[in-house]
Structure formats: C-alpha cells, structure tokens
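Q: kindly generate the corresponding structure for this input.
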Amino acid sequence: METPEVRKSPLSRRLEAIPPSGIRRFFDLVRSVEGIISLGVGEPDYATPWHIREAGIYSLEKGYTMYTPNTGLPQLREAIARYLEENYGVAYNPETEVLVTVGVSQGMDLAMRAIINPGEEVIIPDPAYVAYVPCALLAGGKPVPIPTTGEEGFRLSHERVARAITPATKALLFGYPANPTGTVMPRRDLMALAELVRKHQLIAVSDEIYARLVYEGEHTCFAALPGMKERTILLGGFSKAYAMTGWRLGYACAPQEIIEAMTRVHQYTMMCAPIMAQMAALEAIRNGDAAVKEMAREYNHRRRAIVKGLNAIGLPCPEPQGAFYAFPSIRATGLSSEEFTEKLLMEEKVAVVHGSTFGACGEGYVRCCYAVSLPAIEEALKRMGRFMARYGR
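A: Sure thing, here's the model as predicted:
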C-alpha cells in the first residue's frame with residue numbers, strides 16, 4: 001500500500017504568524033473607489049523641498065551612481081552625528097556608531113535581527129506602528145504587547161512594562177512621538193523606562209522618526225538619557241520631517257558592537273542605501289531646517305483644525321502632541337474600527353485606518369493623518385459629520 005504523499009509547504013513557518021499589512025490591504029481597496037479623500041497614508045502632502053531634490057539631481061548629473069561604503073557616505077554619517085550632538089547632546093562616533101539605512105523600517109529590521117535570538121521577548125506598546133511586531137517575529141523573537149489606553153494618553157506605563165519583564169526579555173521597542181496616536185512621552189516617563197532598561201540589562205530600540213514634529217512639550221532623545229547611549233539603538237530618518245518618504249533614507253546609531261552586527265546583515269541583504277538619496281539627505285540635514293519648521297507650523301494648524309472638527313461631530317479626540325496623526329474614539333457608533341472605516345469609505349469616500357491595525361488596544365479608534373491640505377481636511381470632516389449623523393449615538 002502506497003504511503004500518501006505529504007506536501008511540504010514552500011513557505012517559512014514564521015510568516016504564518018504575520019498577516020498582510022492591514023494598511024496596504026485597505027489602500028488596495030481605496031484605489032478602486034473614485035473621489036476619495038484620504039486621511040490614511042502617513043505621508044506629507046508636500047514635495048521634497050527643491051534644494052534637497054536639486055542635490056539628488058546634481059548627484060546624478062555628476063555621475064554619482066556607484067556604491068557607497070556599506071555604512072553610508074562618511075560625510076552623511078558625520079552630519080548625522082553632528083546633528084544628534086547639537087540637538088540632543090548625545091555624541092556618536094560617525095565611523096563606528098552610525099549606519100545609514102534604507103528607511104527606518106529597514107533599520108528596525110536590522111536591529112531586531114542583530115540582537116534577538118529565537119524565543120527572546122521584545123516588549124512593544126499596544127497600539128504601535130504596524131512594523132514593530134512583524135520585525136520581532138521575523139527575527140525569531142516573541143513580541144510582548146503592553147496595553148496603553150486613551151484615558152492615559154496612550155503613554156507606555158513603566159509599571160506595566162516592569163510586570164511584563166521575564167528572564168527571556170531582551171529588548172524594549174517603542175517610538176515617540178508615536179504612530180498612530182501622536183503621543184509624546186514626557187521625560188520623567190522615559191526616565192522611568194530607562195531605569196528598567198538599566199536594571200534588567202535590556203536593549204532599548206527607540207524609533208524617533210517623528211522627533212522634529214512635536215507641537216506640545218519637547219522631544220526627549222532616549223539615547224541621551226543618563227546611561228542609555230550604551231543600551232540604545234536609536235533609529236531616525238528623513239522621510240517625515242523633510243517630506244522624503246520615497247527617497248527611503250534612515251539611520252541607526254548604537255554602540256559599535258551592535259552597529260557592526262547590523263552592518264553584517266545590511267551588507268549581505270542591501271549592500272548600501274542609494275547614493276543619490278544619501279546626497280539629498282546630506283543637503284537636507286545641512287540646510288533643511290527652515291523648511292522643516294515651515295512644514296511643522298502648517299501641520300500644527302491642521303492638527304488643531306482636525307481635532308476641533310472631530311470633537312464637534314461626536315468623535316472624541318484629544319490633541320496629539322506630535323507626529324501628524326489624530327486617533328479619535330469611534331465607540332459612540334457601536335461599530336468595530338474595521339466596520340467604521342469600510343462604511344465611511346464606501347458611503348462618504350473618506351479613507352482612514354482602523355485602529356485594530358496597530359494592535360488590539362487600537363480597537364475602538366481610527367487613525368486620521370492630517371498631513372493633507374486644510375481644504376481636504378475640512379471636506380473630510382463635512383463628510384464624516386454626515387456619517388456620524390447616521391451612525392452616532
């Protein structure tokens with residue numbers, strides 16, 4: 001009697017725990033509907049400032065089309081190190097402690113693969129940016145979500161983190177200002193987390209891509225806290241503040257041992273970031289401050305308009321302190337966040353992102369990006385007001 005043939009799956013078992021991106025799946029649907037106002041994609045509506053684009057164009061005209069060192073152009077790494085020391089008081093050696101990456105998401109992937117052994121735990125806030133959990137899983141780690149609540153401003157509680165730490169805990173991965181909530185963690189709260197990192201000899205992976213977009217209070221660089229430079233992988237980039245999303249340029253700063261490990265993965269999987277993007281980023285970090293401040297002022301104006309409008313139509317929304325997202329509660333409708341977003345899209349042609357995409361604690365909320373024009377925000381609010389007249393309680 002023949003033994004039945006058992007089909008082997010061609011796919012990695014690790015991928016079974018990672019669903020397709022909820023954001024991307026939803027925006028495949030968005031593209032199929034005419035007349036959409038999108039408050040969904042986390043991308044500035046500005047073009048990259050001309051002088052930065054010109055630097056990229058000039059690099060092509062000069063024939064800069066070759067590889068750079070794996071870690072990035074020396075002059076860009078020097079500029080990044082200088083920027084961090086001048087603005088946050090944390091000093092990195094540009095030769096050994098700075099790595100230029102293809103966006104912050106690649107930096108996060110490299111960080112997880114460099115430090116995580118199979119089964120080690122990574123503590124992550126919930127809700128959080130959609131790539132955090134998948135990056136931990138792809139590295140063989142075990143994500144440990146820590147609930148945060150709207151009533152507490154979605155701040156990460158050091159008490160909850162402390163209770164979640166086990167002998168298997170390796171890292172704490174977080175990002176402030178936060179996507180999707182716009183939360184900015186006060187320095188005192190970050191100090192409490194830093195004490196846990198020190199006490200339990202953890203590694204902090206701090207995603208600070210929105211550091212330049214803070215409207216209330218000020219940004220605290222986690223690596224600049226006492227004793228944290230030695231225990232932190234600092235991730236930053238150019239996409240959000242400089243309106244350079246498509247250029248795909250970020251950086252990681254960490255102790256030499258960790259940067260060397262991240263570079264080993266980087267050199268085999270990516271080689272280096274594109275030289276044209278690096279030349280543009282060099283211009284951005286040297287001469288882009290005025291443009292960043294101008295865009296941030298406009299985002300602040302839009303932030304106040306969208307928060308006021310959401311509250312007026314029955315979607316309670318505290319003012320986000322940073323980034324460019326509002327995260328209103330939709331509980332008054334009785335709809336799940338996914339039901340809300342799909343009905344709003346189909347009935348009023350407004351696209352927002354359902355909160356459950358960002359974790360279980362995001363259920364009951366939706367993310368609205370206000371990096372779009374004020375007229376678009378006003379029209380979206382008008383349509384959402386009609387929607388709430390039907391579904392609000």
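
Q: this protein - how does it break down into domains?
A: Domain assignment of the chain by automatic domain parsing yields the ranges 13-48+290-391, 50-288.

Q: where does the stretch 1-150 of the chain dip in pLDDT?
A: 1-6, 21-30, 32 (pLDDT under 70).

Q: tell me where it has strands.
A: Along the stretch 1-150 of the chain, counting by DSSP state E, counting those that start in this stretch, strands occupy 37-38, 98-101, 121-126, 142-147.

Q: neighbouring strands for the last one, and are they parallel or not?
A: Taking DSSP bridges as the criterion, strand 142-147 pairs within the sheet with strand 121-126 (parallel).

Q: then the strand it pairs with to CSV, C-alphas only?
A: The C-alpha atoms that make up strand 121-126 are tabulated as CSV, following Å, rounded to 0.1, in the frame of the first residue of the first chain:
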residue,chain,number,x,y,z
GLU,A,121,11.0,38.5,24.2
VAL,A,122,10.5,42.0,22.8
ILE,A,123,8.3,44.4,24.8
ILE,A,124,6.2,46.6,22.5
PRO,A,125,3.4,49.2,23.2
ASP,A,126,-0.1,48.5,22.0
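
Q: select, out of the strands of the stretch 1-150 of the chain, the one closest to residue 182.
A: Closest of the strands of the stretch 1-150 of the chain to residue 182 is strand 121-126, at 13.3 Å (criterion: Cβ to Cβ). (Glycine included, C-beta is placed from N, CA and C.)

Q: doesn't residue 251 belong to a helix?
A: No: counting by DSSP: H, G, I helix; E, B strand; the rest coil, residue 251 is not found in a helix; it is strand.

Q: residues near it, how many?
A: Residues lying near residue 251 (other Cβ atoms under 10 Å) number 28.

Q: thought residue 280 was touching residue 56?
A: Yes: Residue 280 lies in contact with residue 56 (Cβ atoms under 8 Å); the separation is 3.8 Å.

Q: now list whatever residues contact both of those two.
A: Counting by Cβ atoms under 8 Å, 6 or more residues apart in numbering, the residues touching both residue 280 and residue 56 are residue 247.

Q: what about these two, which has more around it?
A: residue 280 (29 against 24).

Q: roughly how far apart are that one and residue 248?
A: From residue 280 across to residue 248, the span is 11 Å (Cβ to Cβ, to the nearest Å).

Q: ok, residue 284 next?
A: 13 Å.

Q: residues touching the spatially closest residue to residue 84 that is not a sequence neighbour, list them.
A: Once flanking residues are discounted, residue 84 sits nearest to residue 90: 5.4 Å by Cβ to Cβ, 6 or more residues apart in numbering. Counting by Cβ under 8 Å, 6+ apart, residue 90 makes contact with 84, 221, 223, 224, 229, 234, 253.

Q: show the average pLDDT along the longest helix along the chain.
A: In the chain, with assignment by DSSP state H, the single longest helix is helix 289-312. Averaged across helix 289-312, the pLDDT comes to 97.

Q: elements contacting it?
A: strand 325-326, helix 374-391 (3 or more Cβ pairs under 8 Å, 6 or more residues apart in numbering; DSSP states H and E).

Q: what about 10 Å?
A: helix 50-61, strand 325-326, strand 366-369, helix 374-391 (3 or more Cβ pairs under 10 Å, 6 or more residues apart in numbering; DSSP states H and E).

Q: now that helix: buried residues?
A: 291-292, 295-296, 298-300, 302-303, 306-307, 309-310 (16 or more other Cβ atoms under 10 Å).

Q: show me the two of these that sit farthest apart.
A: 291 and 310 (28.2 Å).

Q: turn the buried residues of helix 289-312 into a markdown table, including distance to residue 156.
A: Below are those laid out as a markdown table (distance: Cβ to Cβ, whole Å):
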| residue | distance to residue 156 |
| --- | --- |
| 291 | 31 |
| 292 | 26 |
| 295 | 27 |
| 296 | 24 |
| 298 | 29 |
| 299 | 24 |
| 300 | 24 |
| 302 | 26 |
| 303 | 22 |
| 306 | 24 |
| 307 | 22 |
| 309 | 28 |
| 310 | 24 |
